[in-house]
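Participant: Quick one: sequence and predicted model below, then my questions.
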Amino acid sequence: MSDADTKERKEKSTTWLDTADSVIDRNLSRNETIEFTAEDLAIDVPTEFGDGPRATVRFDGTVRVSADGLSGPLFAWLDWWDERD
């Protein structure tokens with residue numbers, strides 16, 4: 001993916017799914033591993049749409065994600081994952 005393509009995708013990104021697609025595409029094209037490390041991270045996550053209650057998700061550790069294969073929209077991969085059985 002060229003710098004112009006990356007810039008165009010960044011400008012079009014409007015949701016977390018768009019952002020995840022962009023990160024995964026870059027990871028595949030560079031054959032890299034994405035690594036995230038956190039200590040005592042706490043995130044409040046909505047449990048329903050609107051102004052409903054929130055749940056606190058806690059994380060302490062490291063997550064490494066690597067991918068091998070063809071890139072595509074994340075929703076297509078998630079759809080495939082759900083239908084694989």
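Facilitator: Nice, I can see it.
Participant: residues contacting Val57?
Facilitator: Neighbour list for Val57: 42-45 [criterion: Cβ atoms under 8 Å, 6 or more residues apart in numbering]. Yep, even glycine has a C-beta here, placed from its N, CA and C like the rest.
Participant: Dump those residues to TSV, plus neighbour count and secondary structure.
Facilitator: Listed next are these as TSV, based on neighbours: other Cβ atoms under 10 Å; DSSP: H, G, I helix; E, B strand; the rest coil:
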residue	neighbour count	secondary structure
Ala42	10	strand
Ile43	11	strand
Asp44	10	strand
Val45	8	strand
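Participant: From these, pick the one nearest Glu32.
Facilitator: Taking Cβ to Cβ as the measure, Glu32 lies nearest Ile43 of those, at 24.8 Å.
Participant: Not counting sequence-adjacent ones, nearest residue to the closest one?
Facilitator: Distance criterion Cβ to Cβ, 6 or more residues apart in numbering; nearest residue to Ile43, sequence neighbours excluded, is Val57 at 5.0 Å.
Participant: Secondary structure element holding that neighbour?
Facilitator: Under the criterion of DSSP states H and E, Val57 resides in strand 54-66.
Participant: What mean pLDDT does that strand get?
Facilitator: Mean per-residue pLDDT for strand 54-66: 89.
Participant: how about low-confidence regions in the protein?
Facilitator: 1-13, 16-17, 27-31, 67-72, 74, 85 (pLDDT under 70).
Participant: run the last query once more with 50
Facilitator: The chain contains no residues with pLDDT under 50.
Participant: Give me the phi and psi angles of Thr47.
Facilitator: phi -90, psi -10 (degrees, to the nearest 10).
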